[in-house]
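Participant: I would like to see how this sequence folds:
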Amino acid sequence: GMEVVDADKSDKIQIVLNGVTISNSTSAALYVLKADKVFITTAEKSENTLSNGGTYKAIDDNNIDSVIYSKEDLTLNGKGCLTINADAGHGIVSKDSLVLTSGEYNITAESHGLSGKDDVSVADGNYKIVSGKDGIHAENSDDESLGFVYILDGTFDITSEGDGISGAALGQI
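Facilitator: Sure, this is the predicted structure:
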């Protein structure tokens, strides 16, 4: 399956995951195409799993290459658990800002675990990331002031083939 957000560019969307399992064999399980901001909230004490099947087939002009793929600002929060299994590509990608404020995350990804073009910002939460590239990655080749990682608090267990945490912007961490 695939959950697609295609809203008005001024809309703020909240998706609540409460005992959800979504798997897509050829694309993202959750795809944010258009909105102002999208919030993915895990319900308290819930267990949620999103995964892909190891291949990606183009469904539009975007290079969808992760289990959660967002063209817009994306915030993850809540008091539940989200497990991401990316047999191919990345775990969670935002082509804008990726913000995580709370929750528990178990991410296994063939490439980057968490990736944000403008930034990856973490306020709190528990993160177990196993990745084939960087655990947490931010890079913006269009603007050198962006592509940073900001961490305020949280617990991290990162096993990566690349960097555990990598931000391309000068003066990151």
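
Participant: ok, how many other residues are close to Lys37?
Facilitator: Using other C-beta atoms under 10 Å, Lys37 is surrounded by 18 other residues. In this view, the C-beta of every residue, glycine as well, is placed from N, C-alpha and C.

Participant: got the contact list for it?
Facilitator: Residues in contact with Lys37 (C-beta atoms under 8 Å, 6 or more residues apart in numbering) are Lys12, Ile13, Glu72, Asp73, Leu74, Thr75.

Participant: how does it look with 6 Å?
Facilitator: Counting by C-beta atoms under 6 Å, 6 or more residues apart in numbering, Lys37 touches Lys12, Asp73.

Participant: Next, the distance between the ends of stretch 142-154.
Facilitator: 29 Å (C-alpha to C-alpha, to the nearest Å).

Participant: Just the buried positions in it, please.
Facilitator: In terms of neighbour count (16 or more other C-beta atoms under 10 Å), stretch 142-154 has its buried residues at Leu146, Gly147, Phe148, Val149, Ile151, Gly154.

Participant: again, but for stretch 9-23
Facilitator: Applying 16+ other C-beta under 10 Å to stretch 9-23 flags Ile13, Leu17, Val20, Ile22 as buried.

Participant: Show me what that stretch is in contact with.
Facilitator: Residues contacting stretch 9-23 (C-beta under 6 Å, 6+ apart): 1, 5, 7, 29, 35-43, 46, 48-51.

Participant: 7 Å instead, please
Facilitator: For stretch 9-23, contacts defined as C-beta atoms under 7 Å, 6 or more residues apart in numbering pick out 1, 3, 5, 7, 29-30, 34-43, 46-51, 53, 80, 82.
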